[in-house]
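**Student:** only geometry, no sequence info:
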């Protein structure tokens, strides 16, 4: 029971972290500069955070760094896209695509490339998840084609982030660091390319967009890093006694439901009956992975 409570609490915190992204977007905008600035500052905060968690020690391997670099690049890309979506789109629907991709893409990858066991029930769950995305984006409240394309992009990108993490955790042919050390390397890798990307983009941009005011957005970024870090710790502790087939569906389905309530209560976003039905159907689909 203790493990389940930790995982449920981690999903609530995950929904809070997604809400921080919406708050930042409202304060700083949804431009590429604003998105890169968020990721650059967050990478510094998370590097300090995970370094403290790791007892001020640092472990390194070429394999872990490359995997972390790839994952950080994909996270940064979907973060930039997410800010664009949140400018006019819905937090709950954005989260639906993001989290559903994080579970379904590695499942399909495992079936094709890792010879994992095929399950009829999980396949039905997968179909239900895809059906939920179609349902939530149909009817009068459906977004335009550009919005759907952006949502599909974060579905795929977050899915491959999960694939990279999974490949790192199961690899037995290369030297890999531990989980906390990998999180630290991930943050360092993100810091290494985010700051150059930010300054290069600013230098080459025709319109010299000013950076967001650090004093205004820093509390939001720190809050996001702390909440996401605490959620990660709870997930790691709960994962010690829960199999991945139980862990990820709870995280995915729970975060989608809680973010739906957060978008409604905190940001006064209105969800149509089709969108709520899609969210519930996605939750049911994730439960079929248990």
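**Tutor:** Nice, I can see it. All of these numbers come straight from a predicted model, not from anything done at the bench.
**Student:** in this protein, what residue sits furthest out from the centroid?
**Tutor:** For the chain, the residue at maximal distance from the C-alpha centroid (CA atoms, centre = their mean) is residue 206, at 31.2 Å.
**Student:** can you tell me the helix or strand for it?
**Tutor:** Residue 206 belongs to no helix or strand when elements are defined using DSSP states H and E.
**Student:** Adjust the sequence numbering to begin at 152 for everything that follows.
**Tutor:** Sure, I'll start numbering at 152, so the last one becomes residue 357.
**Student:** if I look at it, how far off is residue 344?
**Tutor:** Relative to residue 344, residue 357 is positioned 23 Å away (criterion: CB to CB, to the nearest Å). Backbone N, C-alpha and C define where each C-beta goes, glycine included.
**Student:** One more: residue 208?
**Tutor:** Counting by CB to CB - residue 208 and residue 344 are separated by 24 Å.
**Student:** before we move on, what about residue 153?
**Tutor:** Distance from residue 153 to residue 344, by CB to CB: 39 Å.
**Student:** Also residue 268?
**Tutor:** Taking CB to CB, one finds residue 268 at 37 Å from residue 344.
**Student:** What of residue 232?
**Tutor:** For residue 232, the distance to residue 344 - CB to CB - is 17 Å.
**Student:** And residue 370, by the same measure?
**Tutor:** 25 Å.
**Student:** So for the two, which sits in the more crowded spot?
**Tutor:** residue 344 (17 against 12; other CB atoms under 10 Å).
**Student:** Give me the spatial nearest neighbour of the more buried one, chain neighbours excluded.
**Tutor:** Sequence neighbours aside, residue 224 is the residue nearest to residue 344 in space, at 6.8 Å (criterion: CB to CB, 6 or more residues apart in numbering).
**Student:** Sort out which residues of the host helix or strand of the one you found are buried, please.
**Tutor:** Using DSSP H and E, residue 224 sits in helix 213-239. For helix 213-239, the neighbour count (16 or more other CB atoms under 10 Å) marks 215-216, 218-237 as buried.
**Student:** same question, stretch 173-191
**Tutor:** 173-176, 179, 181-191.
**Student:** quick one: contacts of the lowest-mean-pLDDT helix or strand in the chain?
**Tutor:** In the chain, the helix or strand scored least confidently by mean pLDDT, DSSP states H and E is helix 395-416, which has a mean of 76. Residues outside helix 395-416 that contact it (CB atoms under 8 Å, 6 or more residues apart in numbering): 155, 158-159, 161-163, 165-167, 169-170, 173, 241-243, 246-247, 250-251, 253-254, 386, 389-390, 420-422, 427, 430-431, 433-434, 436-441.
**Student:** Buried among those? Need that as a selection in PyMOL.
**Tutor:** A single PyMOL command selects the buried members of the contacts of helix 395-416 (16+ other CB under 10 Å):
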select buried, resi 158+159+161+162+163+165+166+167+169+170+173+241+242+243+246+247+250+251+253+254+386+389+390+420+422+430+431+433+434+436+437+439+440
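**Student:** Tell me where the stretch 252-401 of the chain is predicted with low confidence.
**Tutor:** The stretch 252-401 of the chain contains residues with pLDDT under 70 at 290-294, 387-399.
**Student:** Recalculate using a threshold of 90.
**Tutor:** 252-270, 272-299, 309-310, 312-334, 344, 353-362, 379-401 (pLDDT under 90).
**Student:** Helices along that one, start to end?
**Tutor:** Counting by DSSP state H, counting those that start in this stretch, the stretch 252-401 of the chain has helices at residues 271-287, 296-321, 330-355, 365-390, 395-416.
**Student:** Can you give the contact residues for the shortest one?
**Tutor:** Yep, that's helix 271-287 we're talking about. 244, 247-248, 251, 254-255, 258-259, 302, 306, 425-426, 428-433, 435-440.
**Student:** same thing but at 7 Å, please
**Tutor:** With CB atoms under 7 Å, 6 or more residues apart in numbering as the test, helix 271-287 has contacts from 244, 247-248, 251, 255, 258, 425-426, 428-430, 432-433, 435-437, 439-440.
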